[in-house]
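Asks: Could you work out the structure for the sequence below:
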Amino acid sequence: MRVLQVNKFYEPHVGGVETVVKQLAEGLPEQGMETRVLTCQHKVQLFTTEEFIEGVKVRRAGSLGTLFNVNFSPTFPLLYRDEIEWADVVHFHSPSPTPEFVHLIMGVPADTGVVVTFHADPGTSRWKGLNTIYAPVLRHLLERADRIAVTAPANRDRSELLDGFKQKTDIIPLATEFEVDPPSGEERRRHQRKIVGTETETVILFVGRLSYYKGLHYLLRALTEVDARLVVVGDGELRGDLEEKAEELGITKKTQFEGYVEDEDLSNYYRAADVFVLPSIASIEAFGIVQLDAMAHGVPVVNTSLPTGVPFVSQHEQTGLTVNPKDASALASALQQLVEKPDYRLKLGREAGRRAEKFTEEKMINRYKKLYK
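Replies: Reported below is the predicted structural model:
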C-alpha cells in the first residue's frame, strides 16, 4: 500500500504535527507500506526540492513565504497532481491551508482513499477571523474523506466543523517519540548538575515554541511565588519579550532560557526535570505531545483545563495537576505543591510513566495502518 502524507511543513521544521507526520512516514514502511511526504519549503525558497530522509521520499514545493498560516507555493499543485496519482491513500494533516485549497480545486481520484487527521480546530487560532473563508475549504475536504481521525475525545466533540462527520471519525491519540524509561533518582540528579549546575533546586521544565498560546507570561508570573528553577527549552517570536519579563519580575537568577535543543539532546532535559509544565491558554493547543514526552521520563505534569485533549493526556491528580488557563496564582500553587511534596511528586511521576505506555509510536502506527486498510 502506498501512503502519501501531506502537510504544510516537514522536518527540519519543528512542530507537533510535523513530528506526527515524521513518525508515520518513517514507521509505516516497517509495517510493509510505502510512504512519501508532500510539503512546502518552510522558508522563502523558490525552487522545488526532492530528498530522501531516513529512506522516505520528501518533495517540497517552492515557497514565496507564509501569511496567516497559508504557504504561498505556486508549484504545489504540480507536485500534488503527480503524487496523488502515485498514492493508494492520501493522508492530509489539518489545518494545512495550502494543500486543502489545492484539494478544493484538483480533488483526489475516486478510487483513492482519503484520510484526514483533524489536529486542531482552525477557529481557535489567532487568525480565527479568517475562518469564514477557510472553513468551507476544510469542510469540502472533510466531506470527501473516507475516515477522519482526532487525537482526543474532546477534539471530536467540541468542533462544529466535525458535526455530521462523527460517524466516520476515529480517536487516535498521538504518541511520544521516547521509550518509557524513567531515570533513577541519582541519574536525575546527575543530569540536573549538568544542565543547571546544581542538584539542590527543584527543576521545572517547559518545552515548546515560545508563542502566544503557550501561556509563558503567566508561567513567569507564577514563578515569582515558586521555590524552584525554571528551564525553558524552545525558541520563537516571544523569546526577547519573555527574557525582558523575567528581568522585570526579578526572576532571572532562577529562569534559564536554553533556546532550541536538538532532538537527540532533549531526553537529557526531561531526565533532569522534577516537574513539567504546559501553561497553554488557547485551544489551538489541542493535545500537547510534549506532556507525553515528559511522562515517558516519569515526570509529573502541571497543565491547564483547556476544552481539548490537553487534560486528557495528563490527568488531574493522577499523573499531575490541572489548573485553569490564565490563572498565574493557581499555576503557582500547583507548582509549589509539587515542590514541597517530593513523595507526592514521585507518585504522580510513576503514574505518568504508566500512562505514557498507552501512547507509544507502535500503537499509533498500528491504528493508522488498520484505518488505511
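Asks: Can you report how many residues lie near residue 282?
Replies: 21 (other C-beta atoms under 10 Å). The way it works is simple: take the backbone N, C-alpha and C, and place the C-beta from them, glycine included.
Asks: make that residue 238, sorry
Replies: Count around residue 238 with other C-beta under 10 Å applied: 16.
Asks: next one: residue 348
Replies: So residue 348, with other C-beta under 10 Å, has 26 neighbours.
Asks: Name the helix or strand of the protein that has the lowest mean pLDDT.
Replies: Lowest on mean pLDDT, DSSP states H and E among the helices and strands of the chain sits strand 70-71, with a mean of 74.
Asks: elements contacting it?
Replies: helix 97-106 (3 or more C-beta pairs under 8 Å, 6 or more residues apart in numbering; DSSP states H and E).
Asks: Buried residues, the helix it packs on. List them.
Replies: 97, 98, 99, 100, 101, 102, 103 (16 or more other C-beta atoms under 10 Å).
Asks: where exactly do the strands run in the stretch 1-150 of the chain?
Replies: 2-6, 34-40, 49-53, 56-61, 66-67, 70-71, 89-94, 113-118, 147-150 (DSSP state E, counting those that start in this stretch).
Asks: same thing with the stretch 201-350 of the chain?
Replies: Using DSSP E, counting those that start in this stretch, the strands found in the stretch 201-350 of the chain span residues 203-207, 229-233, 255-259, 275-277, 301-304, 320-323.
Asks: Quick one: closest of those strands to residue 63.
Replies: strand 255-259 (24.8 Å; C-beta to C-beta).
Asks: chain center to the closest one, what's the gap?
Replies: 20 Å (C-alpha atoms, centre = their mean, to the nearest Å).
Asks: when you give positions from now on, start the count at 253
Replies: I'll keep to 253 as the first residue from here, and by that count the last item is strand 507-511.
Asks: List the buried residues in it.
Replies: Those would be 507, 508, 509, 510, for strand 507-511 by 16+ other C-beta under 10 Å.
Asks: Kindly report the same for stretch 591-600.
Replies: Going by 16+ other C-beta under 10 Å, stretch 591-600 has these buried residues: 591, 597, 598, 600.
Asks: Among those residues, which lie within helices?
Replies: Among these, the members found in helices (DSSP state H) are 591, 597, 598, 600.
Asks: Throw those residues into a markdown table and include pLDDT, thanks.
Replies: Formatted as a markdown table, those follow (pLDDT from 0 to 100):
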| residue | pLDDT |
| --- | --- |
| 591 | 97 |
| 597 | 97 |
| 598 | 97 |
| 600 | 98 |
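Asks: quick one: which helix or strand includes the spatially closest residue to residue 282 that is not a sequence neighbour?
Replies: Nearest residue to residue 282, sequence neighbours excluded (C-beta to C-beta, 6 or more residues apart in numbering): residue 617, at 7.9 Å. Element membership for residue 617, per DSSP states H and E: helix 613-624.
Asks: got the angle between that helix and strand 365-370?
Replies: 130 degrees (axes from the mean of the first three to the mean of the last three C-alpha atoms, to 10 degrees).
Asks: Show me what helix 613-624 is packed against.
Replies: So helix 613-624, by 3+ C-beta pairs under 8 Å, 6+ apart, packs with helix 268-279, strand 341-346, strand 365-370, strand 399-402.
Asks: and those as CSV, adding distance to residue 473, mean pLDDT and mean neighbour count?
Replies: Formatted as CSV, these follow (distance: least, C-beta to C-beta, whole Å; pLDDT from 0 to 100; neighbours: other C-beta atoms under 10 Å):
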stretch, distance to residue 473, mean pLDDT, mean neighbour count
helix 268-279, 25, 93, 21
strand 341-346, 34, 97, 25
strand 365-370, 33, 97, 23
strand 399-402, 33, 98, 24
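Asks: Could you dump the ones you listed into a markdown table and include distance to residue 448?
Replies: Shown next, in a markdown table, are the helices and strands packed on helix 613-624 (distance: least, C-beta to C-beta, whole Å):
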| stretch | distance to residue 448 |
| --- | --- |
| helix 268-279 | 26 |
| strand 341-346 | 36 |
| strand 365-370 | 37 |
| strand 399-402 | 38 |
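Asks: so which of those comes closest to residue 544?
Replies: Going by C-beta to C-beta, the one of the helices and strands packed on helix 613-624 nearest residue 544 is helix 268-279, 10.4 Å.
Asks: quick one: the closest one to strand 286-292, angle?
Replies: Using the same axes, to 10 degrees: helix 268-279 against strand 286-292 is 150 degrees.
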